[in-house]
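Participant: fold the following, please.
(2 chains)
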Number of protein chains: 2
Amino acid sequence: MNVREMSMDECEDVLRRCRYGRLALSYEDRPYVIPMSYVYADGTVILHSRPSGKKIEIARRNSNVCFEVDELEGQRWRSVIVYGKAQLSGSQEAKRKMFEAFMRSGIGGHGGKMFTWDMLEKMDMCVWEIKAFEITGREGIW
Amino acid sequence: MNVREMSMDECEDVLRRCRYGRLALSYEDRPYVIPMSYVYADGTVILHSRPSGKKIEIARRNSNVCFEVDELEGQRWRSVIVYGKAQLSGSQEAKRKMFEAFMRSGIGGHGGKMFTWDMLEKMDMCVWEIKAFEITGREGIW
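Facilitator: Just a heads-up that it's a prediction; the model follows:
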């Protein structure tokens, strides 16, 4: 099983190409991981969620997160890991920043439906900004 | 976005159907998450890896793990989370148990290639057994 480290450019290509990943959190050393859609822009992973719930409670207590994105092409897999701290906000500025990152990415929104600012502006939501302090990636054959 | 809790039978169907998931670990409340192939049998997630490396080091220090499996069918997503403690072993008995679980599952091995006992017997590897103490699942529309 040949595994190689990916370059930063290759890691960012995967982060720009994919639409959802898995967010890992931890509280009192009990890990928790869930799938989330995201957009990547300028070294930052931006997520959004409802304004309350288990992941928010955990992230408020411990902002250390690890976000993982992977892809499988035939038997070739790539996995990229982003380490950072989650900053949570429900402000209009945070929502605006998320909206603009989604628009620039060409990804749009959920399931291919485009987000509109009218829709987001009124929505009670939490925006997660994860500024990467380390990004690593590996590629191998399954 | 309608989200519903899945029954235990539905969760186990997803765990039996899928071939890889994401393993979350944590050390000193710094989470770590990686994709891994697995097999599910009798309330236990069985993984295998090389006998050394970052994930082994973390799991030896803190055996609490969270294993996540998800699937996307059109716009419908399902996500199943297994909480447990990782038991690591490189013994022939652990390898045999893993081999038999893979054989019974009909999944075989990596990328569609079948494992053979001859191959596993000689391989220096670590088998991870995660006996679930809680399994939860959710289904929704993306």
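Participant: now do the SS call for A:Glu68.
Facilitator: Under DSSP: H, G, I helix; E, B strand; the rest coil, A:Glu68 falls in the strand class.
Participant: shouldn't it be in contact with A:Tyr83?
Facilitator: No. Judged on C-beta atoms under 8 Å, A:Glu68 makes no contact with A:Tyr83 at a distance of 10.2 Å. For every residue, glycine as well, the C-beta is placed using N, CA and C.
Participant: more neighbours: which of the two?
Facilitator: Using other C-beta atoms under 10 Å in any protein chain shown as the criterion, A:Glu68 and A:Tyr83 rank with A:Glu68 on top: 23 against 18.
Participant: mind listing what that one touches?
Facilitator: When contacts are counted by C-beta atoms under 8 Å, 6 or more residues apart in numbering or on different chains, A:Glu68 touches A:Gly21, A:Arg22, A:Ala24, A:Ser79, A:Val80, A:Ile81, A:Val82, B:Arg22, B:Val33, B:Ile34, B:Pro35.
Participant: Throw these into JSON lines and include pLDDT, thanks.
Facilitator: As requested, the contacts of A:Glu68 are exported to JSON lines (pLDDT from 0 to 100):
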{"residue": "A:Gly21", "pLDDT": "96"}
{"residue": "A:Arg22", "pLDDT": "98"}
{"residue": "A:Ala24", "pLDDT": "98"}
{"residue": "A:Ser79", "pLDDT": "98"}
{"residue": "A:Val80", "pLDDT": "98"}
{"residue": "A:Ile81", "pLDDT": "98"}
{"residue": "A:Val82", "pLDDT": "98"}
{"residue": "B:Arg22", "pLDDT": "98"}
{"residue": "B:Val33", "pLDDT": "98"}
{"residue": "B:Ile34", "pLDDT": "97"}
{"residue": "B:Pro35", "pLDDT": "96"}
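Participant: of these, which belong to helices?
Facilitator: Within those, no residue falls in helices by DSSP state H.
Participant: so where's chain A uncertain?
Facilitator: A:1, A:108-113 (pLDDT under 70).
Participant: flag every residue of it that's near chain B.
Facilitator: Proximity of chain A to chain B, by C-beta under 8 Å from any C-beta of the partner chain, involves residues A:1, A:22, A:24-35, A:37, A:62, A:64-68, A:70, A:75, A:77, A:79, A:81, A:83, A:110-111, A:141-142.
Participant: go through those and flag which are in strands.
Facilitator: Within those, residues falling in strands by DSSP state E are A:22, A:24-27, A:30-35, A:37, A:64-68, A:70, A:77, A:79, A:81, A:83, A:141.
Participant: can I have the buried ones of these as a PyMOL selection?
Facilitator: Here is the PyMOL command that picks out the buried ones among these, judged by 16 or more other C-beta atoms under 10 Å in any protein chain shown:
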select buried, chain A and resi 22+24+25+26+27+30+31+32+33+34+35+37+64+65+66+67+68+70+77+79+81+83
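Participant: show me the helices in chain A, by range?
Facilitator: Assigned by DSSP H, chain A shows helices spanning A:8-17, A:54-61, A:92-105, A:117-122.
Participant: for those helices, which one sits closest to B:Glu5?
Facilitator: Closest approach to B:Glu5 among those (C-beta to C-beta): helix A:54-61, 12.8 Å.
Participant: what is the burial count for the residue nearest to A:Arg4 when sequence neighbours are not counted?
Facilitator: Leaving aside its sequence neighbours, A:Arg4 sits nearest to A:Glu139 (C-beta to C-beta, 6 or more residues apart in numbering or on different chains; 5.6 Å). Using other C-beta under 10 Å, A:Glu139 has 18 neighbouring residues.
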